[in-house]
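Predicted model and sequence below, questions to follow.
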Amino acid sequence: MRKSQPLRFTPQGEILLQLANQVLPQIASALQACHEPQQTKLRIAIECHSCIQWLTPALENFRQKVAAGGNGL
């Protein structure tokens, strides 16, 4: 049965290990944030009744696309 010595880092490897321990959790957090939906408020004011006839369906279509994971555009 072969017994080897434990793994040891060179001084350069220690520097890279310390950096990796700092950076990798930040990268994981950033990746998770990229996949989370962003919610913002949109306020629209209109003056005429005729605008409601086309705006309401357009907003509903936009909302459905966003809910399905798209950007709505």
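Structure's in. What do you need?

tally of neighbours for Leu24?
Leu24 has 10 neighbouring residues, counting by other C-beta atoms under 10 Å. For the C-beta atoms, the positions are set from N, CA and C on the backbone; glycine is no exception.

same question but for Pro11, I mixed them up
Neighbours around Pro11, by other C-beta under 10 Å: 6.

can you tell me how far it sits from Ile27?
The spacing between Pro11 and Ile27, counted by C-beta to C-beta, to the nearest Å, is 24 Å.

what is the rounded mean pLDDT of whichever strand or helix holds Ala33?
Using DSSP states H and E, Ala33 sits within helix 11-35. Helix 11-35 shows a mean pLDDT of 91.

buried stuff in it?
By 16 or more other C-beta atoms under 10 Å, helix 11-35 has no buried positions at all.

from the middle of its chain, how far away would it be?
Once both centres are worked out by C-alpha atoms, centre = their mean, to the nearest Å, helix 11-35 turns out to sit 17 Å from its chain's centre.

which helices and strands sit right next to it?
Contacting helix 11-35 under the criterion 3 or more C-beta pairs under 8 Å, 6 or more residues apart in numbering; DSSP states H and E is no other helix or strand.

Skip ahead from that helix and say which helix or strand is next.
Following helix 11-35 in sequence, per DSSP H and E, is helix 49-67.

Dump that next one to PDB, keeping only the CA atoms.
Extracted in PDB, the C-alpha atoms of helix 49-67 (Å, rounded to 0.1, in the frame of the first residue of the first chain):
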ATOM      1  CA  HIS A  49     -60.500  56.200 -23.500                       C
ATOM      2  CA  SER A  50     -59.400  55.000 -26.900                       C
ATOM      3  CA  CYS A  51     -55.800  54.500 -25.500                       C
ATOM      4  CA  ILE A  52     -57.200  52.000 -23.000                       C
ATOM      5  CA  GLN A  53     -58.600  49.800 -25.900                       C
ATOM      6  CA  TRP A  54     -55.100  49.100 -27.300                       C
ATOM      7  CA  LEU A  55     -52.900  49.700 -24.300                       C
ATOM      8  CA  THR A  56     -54.600  47.200 -21.900                       C
ATOM      9  CA  PRO A  57     -54.200  44.200 -24.300                       C
ATOM     10  CA  ALA A  58     -50.600  45.300 -25.100                       C
ATOM     11  CA  LEU A  59     -49.700  45.400 -21.400                       C
ATOM     12  CA  GLU A  60     -51.300  42.000 -20.800                       C
ATOM     13  CA  ASN A  61     -49.300  40.500 -23.700                       C
ATOM     14  CA  PHE A  62     -46.100  42.100 -22.300                       C
ATOM     15  CA  ARG A  63     -46.800  40.800 -18.800                       C
ATOM     16  CA  GLN A  64     -47.300  37.200 -20.100                       C
ATOM     17  CA  LYS A  65     -44.100  37.300 -22.000                       C
ATOM     18  CA  VAL A  66     -42.200  38.500 -19.000                       C
ATOM     19  CA  ALA A  67     -43.800  35.900 -16.800                       C
END
